[in-house]
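**Student:** Structure of the sequence below:
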Amino acid sequence: MTTKTVSNSNAKTIESRDQLIASFAGGEKPKDAWRIGTEHEKFVYRTADHAAPSYDQPGGIRDLLMALTEHGWKPVEETGPHGTNVIALSGADGSVSLEPAGQFELSGAPLENLHQTCAETGRHLEQVKAAGAKLGLGFLGLGMWPDKTRAVLPVMPKGRYDIMRRHMPRVGTMGLDMMLRTCTIQVNLDYASEADMVQKFRVGLALQPLATALFANSPFLEGKPNGMLSYRSHIWSDTDPHRTGMLPFVFEDGFGYERYMEYALDVPMYFVYREGRYLDAAGLSFRDFLTGDLSILPGERPTIEDWTDHLSTAFPEVRLKTFLEMRGADGGPWSRICALPALWVGLLYDQGALDAAWDLVKDWTLDERQALRDAVPKLALDAPLPGGGKLRDIAGQVLDIAHAGLAARARTNRSGDNETGFLDPLHEIVRGGKVPAEVLLEHYHGAWGGDVSKVYGELSF
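**Tutor:** I've put the predicted structure just below:
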């Protein structure tokens with residue numbers, strides 16, 4: 001989630017809705033300037049007892065953040081109701097931030113190719129493992145805490161999380177689970193024009209269930225199988241209907257920046273950031289803010305930074321800011337982190353691949369797309385496919401399209417290898433016929449003897 005580092009008191013006030021639309025147009029880049037930004041979260045646990053460390057206990061999350069400063073990271077502080085705390089790090093590899101219960105996230109720098117992405121991920125892995133070895137901490141790659149109740153999890157001292165924790169139970173039954181008990185991998189990608197954004201958004205949204213299936217990695221809840229393969233994805237079905245989902249309007253004629261702006265204006269607010277503090281605006285309307293009628297700041301109108309903050313509080317399966325975020329994948333082990341950007345870069349960054357992917361999904365109806373998304377958390381690759389068959393029937397074809405797209409990019413490393421090898425973990429899943437969660441369940445019912453704690457040995461970084 002977004003980490004706020006500066007006050008927006010001097011930012012430009014929004015005078016018209018055209019400025020909101022212009023914020024999306026401002027993200028347009030020529031193809032040679034397209035970049036790849038990869039975000040991945042992991043659970044932090046104490047190696048002695050698998051407990052989730054609190055922020056301020058000795059050897060806890062604050063100490064972990066400070067240990068990473070030995071590798072050149074700079075602390076980012078926030079002052080709020082909990083005092084002044086280091087809540088993030090900034091550096092050449094992007095930023096390290098904290099999710100609500102201490103999940104540790106690298107929001108990677110915008111990079112030119114997947115070789116750089118994987119090198120960045122490798123540096124991060126090396127750094128956190130070195131810090132963890134000193135502090136007695138381990139790192140787990142899953143989409144859902146396998147054995148923790150909400151009650152035993154700590155909460156990080158970030159102002160926006162206090163507001164979200166109060167608001168989530170008002171609008172859904174599983175919002176607190178999303179905040180406290182899940183991890184994801186995401187990739188952020190660029191677009192050249194409004195039309196390019198629209199095509200990428202539609203392909204990304206239609207095929208997001210396939211990414212969820214291939215990365216399904218959250219089959220346990222509080223020590224037992226939960227009946228799902230991606231419980232993390234299931235959680236989003238009842239988190240907050242006003243800010244989540246498949247956004248059917250994306251497939252309607254005329255979709256573009258203005259239509260997404262209208263959607264974002266209808267997403268209820270969480271907060272306004274003023275003078276280093278988060279003001280609780282949960283449930284209020286950004287439309288009222290535009291006219292100076294926001295009850296908590298009467299007469300004040302928003303800034304562009306307020307709009308940017310507000311866009312970060314919508315959580316659809318694909319999200320538009322000044323780039324597109326692909327949001328459907330569970331967290332997982334290091335070996336699969338680079339596979340997610342490989343999938344989406346292959347599909348979306350080559351026009352031939354993008355056209356081929358759109359041809360595959362363009363005839364699906366709104367109901368069929370929604371039914372697929374609803375079925376995937378439980379069935380993964382066995383989810384019914386629009387038109388008949390199962391999702392697994394097109395998985396290999398989609399990977400072949402992505403493979404061709406990466407080959408066409410021809411971005412090679414020093415050994416002359418192109419980017420197609422980063423898809424190998426996904427090809428293996430399709431060939432084997434089992435998504436990661438199904439393999440874990442086999443272990444649970446077999447070699448683990450029903451002991452879910454064995455997952456710490458299998459999926460720790």
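**Student:** What values do phi and psi take at residue 410?
**Tutor:** Dihedral pair for residue 410: phi 60, psi 40, per degrees, to the nearest 10.
**Student:** Now for it, how many residues are close by?
**Tutor:** 8 (other CB atoms under 10 Å). For every residue, glycine as well, the C-beta is placed using N, CA and C.
**Student:** I figured it hits residue 417, correct?
**Tutor:** No: Residue 410 lies out of contact with residue 417 (CB atoms under 8 Å); the separation is 11.0 Å.
**Student:** I figured residue 14 was touching residue 310, is that so?
**Tutor:** No: contact criterion CB under 8 Å: residue 14 and residue 310 do not qualify, at 10.9 Å.
**Student:** joint contacts of those two?
**Tutor:** residue 302 (CB atoms under 8 Å, 6 or more residues apart in numbering).
**Student:** In the stretch 51-200 of the chain, mark out all the helices, start to finish.
**Tutor:** 61-68, 114-135, 159-171, 175-181, 194-214 (DSSP state H, counting those that start in this stretch).
**Student:** can you list the residues that contact the host helix or strand of residue 355?
**Tutor:** In this structure, residue 355 sits in helix 351-361 according to DSSP states H and E. Helix 351-361 has contacts (CB under 8 Å, 6+ apart) with 199-200, 202-203, 206-207, 346-348, 394, 397-398, 401-402, 404-405, 408.
**Student:** again with stretch 164-175
**Tutor:** Outside stretch 164-175, the residues touching it (CB under 8 Å, 6+ apart) are 100, 155, 176, 178-179, 234-242, 270, 280, 282-283.
**Student:** Derive a ChimeraX selection command for the buried subset of the residues you listed.
**Tutor:** Burial among the contacts of stretch 164-175 is assessed by 16 or more other CB atoms under 10 Å; the matching ChimeraX selection reads:
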select :100,155,176,178,179,234,235,236,239,240,270,280,282
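**Student:** Tell me which of the contacts of stretch 164-175 fall in strands.
**Tutor:** Counting by DSSP state E, the part of the contacts of stretch 164-175 found in strands is residue 280.
**Student:** Point out the one among the helices of the stretch 51-200 of the chain that comes closest to residue 33.
**Tutor:** With CB to CB as the criterion, residue 33 lies closest to helix 194-214 of the helices of the stretch 51-200 of the chain, at 12.9 Å.
**Student:** Check which residues of that closest one are buried.
**Tutor:** Within helix 194-214, judged by 16+ other CB under 10 Å, the buried ones are 196-214.
**Student:** tell me which residues in stretch 47-54 are buried?
**Tutor:** Those would be 50, 52-54, for stretch 47-54 by 16+ other CB under 10 Å.
**Student:** quick one: the strands in the stretch 1-150 of the chain?
**Tutor:** For the stretch 1-150 of the chain, strands defined by DSSP state E, counting those that start in this stretch occupy the ranges 36-46, 74-80, 83-91, 94-98, 104-107, 137-140.
**Student:** and residue 388, how many neighbours?
**Tutor:** 7.
**Student:** ok, now the one 5 residues further on?
**Tutor:** The local packing count at residue 393 equals 12, with neighbours defined by other CB under 10 Å.
**Student:** Now it: which helix or strand?
**Tutor:** helix 392-409.
**Student:** Need the contact partners of that helix.
**Tutor:** 113-114, 207, 210, 213-214, 342-350, 352-354, 356-357, 360, 381-382, 385, 418-420, 422-423, 426-427, 430, 433.
**Student:** just stretch 422-434 next, same as before
**Tutor:** 114, 118, 214, 335-336, 338-339, 341-343, 346, 381, 392, 395-396, 399, 402-403, 406, 435-436, 442.
**Student:** Please tell me how far it is from the chain's geometric centre.
**Tutor:** 21 Å (CA atoms, centre = their mean, to the nearest Å).
**Student:** same question for it, mean pLDDT?
**Tutor:** Averaged across stretch 422-434, pLDDT comes to 98.
**Student:** and what of stretch 443-461?
**Tutor:** Here the average pLDDT along stretch 443-461 is 97.
**Student:** just how off-centre is it within its chain?
**Tutor:** 25 Å.
**Student:** Over to stretch 326-336?
**Tutor:** That offset, for stretch 326-336, works out to 9 Å (CA atoms, centre = their mean).
**Student:** buried residues in that stretch?
**Tutor:** 326-334, 336.
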